[in-house]
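S.K.: Kindly generate the corresponding structure for this input.
(chains A and B)
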Amino acid sequence: DIVMTQSPDSLAVSLGERATINCKSSQSVLYSSKNKNYLGWYQQKPGQPPKLLINWASTRESGVPDRFIGSASGTDFTLTISSLQAEDVAVYYCQQYYSVPFTFGQGTRLEIK
Amino acid sequence: EVQLLESGGGLVQPGGSLRLSCAASGFTFSNYGMHWVRQAAGKGLEWVSSISATGDGSTKYTDSVRGRFAISRDNSKDTLYLQMDSLRPEDTAVYYCAKGPGSSAFTPSDYWGQGTLVIVSS
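M.R.: Numbers count the residues shown, from 1 in each chain, chains lettered A, B, ... in the order given. Here you go, the predicted structure:
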C-alpha cells in the first residue's frame, strides 16, 4: 500500500498569512505515460463532506479560489494557501488514486492564530 | 447540479448486513466512475471501494472489506450500491458516496453526498 504522510498534523496561521501543508507518498504516484501525479487535495469543514480542491497534484477545481495552490516535487506534495481567510478553517487531506487502495493522508487541521 | 443522496444506513448487529444506496442526479451517471469513502467519528477519511463507469464495471476494494462488501451500480436507475455483509464494529462510520471526474475508477472524488451513518453494535 502507498502510505500518505501529511505534516504538520495541525497548523495555526494568522489571517492574511501563508499556510503550507505537506504530503509525502511512500512511492511515486506519477503516471508516466500521462505525466500526471495521481494526487488530490480535499478540504473538510465540520459537519460537511469533503470538497475536492486540487486534482492531478496541481489542477485547481472549478470555483476554487486561486489562493489555493498545489505543487509537486517527486513524492513530495504541497498545498499552499497564499493568504489565509477565515473560511479556510478546516481539515485538509491528500489522497493518492494511483494504486489500490486509494489512500488518504491522516489530515491536517488548519486554524486561525 | 450534481446531487448524490445516500440512504440505507442504520444500526446493525455484528455479523449483520446492510445495503447502502446512492441516488445520483444532475449528470450522466453511466459515464462516471463512483466511489465509497467512510469516516469514523472524529477520524480521518478511508477509501472503501470504487467502480468504473459502464463497460467492464471494474471494481476495487480496500483489503479490510474485500470479500465482505460488494459495490455495484444500476445505470438504468442512476444508483450506486454498497452491499455490506459480515459487518464488524470497526465498520462503524459515516459512509459517503462520491463521483469521479472520469469513467475510470482511478480518479479523485469531485462531488460527494452528505453521507449515511452505519453503526455496528450489539
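
S.K.: C-alpha from now on. contacts and neighbour counts both.
M.R.: Will do.

S.K.: residues from chain B in reach of chain A?
M.R.: B:44-47, B:60-63, B:96, B:106-115 (C-alpha under 8 Å from any C-alpha of the partner chain).

S.K.: tell me, what residue is most central in chain A?
M.R.: A:W41 (3.3 Å; C-alpha atoms, centre = their mean).

S.K.: before we move on, which element is that residue in?
M.R.: With elements taken from DSSP states H and E, the one containing A:W41 is strand A:39-44.

S.K.: and stretch A:65-84, how far out from the chain's middle?
M.R.: Between the centre of stretch A:65-84 and the centre of its chain there are 7 Å (C-alpha atoms, centre = their mean, to the nearest Å).

S.K.: Not counting that stretch itself, show me its contacts.
M.R.: A:13-29, A:41, A:53-54, A:57-60 (C-alpha atoms under 8 Å, 6 or more residues apart in numbering or on different chains).

S.K.: How about stretch B:49-68?
M.R.: Taking C-alpha under 8 Å, 6+ apart as the criterion, the residues outside stretch B:49-68 that touch it are A:100-101, B:30-37, B:47-48, B:71-72, B:75, B:84-87, B:103-105.

S.K.: Just the buried residues of these.
M.R.: Among those, the ones that count as buried by 16 or more other C-alpha atoms under 10 Å in any protein chain shown are A:100-101, B:30-37, B:47-48, B:71-72, B:84-85, B:87, B:103-105.

S.K.: how close does the most centrally placed residue in chain B sit to chain A?
M.R.: Central residue of chain B (C-alpha atoms, centre = their mean): B:W36, 3.0 Å from the mean position. The span separating B:W36 from chain A equals 11 Å under the rule C-alpha to the nearest C-alpha, to the nearest Å.

S.K.: Identify the residues contacting that residue.
M.R.: Taking C-alpha under 8 Å, 6+ apart as the contact definition, B:W36 lies against B:W47, B:V48, B:S49, B:S50, B:L82, B:Y95, B:Y96, B:C97, B:A98.

S.K.: likewise B:G115?
M.R.: For B:G115, the set of contacting residues under the criterion of C-alpha under 8 Å, 6+ apart consists of A:P49, B:L5, B:E6, B:V94, B:Y95, B:Y96, B:C97.

S.K.: show me the contacts for B:A40.
M.R.: With contacts defined as C-alpha under 8 Å, 6+ apart, B:A40 is in contact with B:T92, B:A93, B:V94.

S.K.: Of these, which belong to strands?
M.R.: Counting by DSSP state E, the members of those that fall within strands are B:A93, B:V94.

S.K.: List just the nearest of the contacts of B:A40 to chain A.
M.R.: B:V94 (9.8 Å; C-alpha to the nearest C-alpha).

S.K.: Now do the same contact list for the closest residue to that closest one other than its chain neighbours.
M.R.: Using C-alpha to C-alpha, 6 or more residues apart in numbering or on different chains and skipping the chain neighbours, the partner closest in space to B:V94 is B:L117 (4.3 Å). By C-alpha under 8 Å, 6+ apart, B:L117 lies in contact with B:G9, B:G10, B:T92, B:A93, B:V94, B:Y95.

S.K.: surely B:I119 meets B:R88?
M.R.: No - applying C-alpha atoms under 8 Å as the test, B:I119 and B:R88 come out as separate, 9.3 Å apart.

S.K.: quick one: which of these two has more around it?
M.R.: The residue with the greater number of neighbours, taking B:I119 and B:R88 and applying other C-alpha atoms under 10 Å in any protein chain shown, is B:I119; the counts read 21 against 18.
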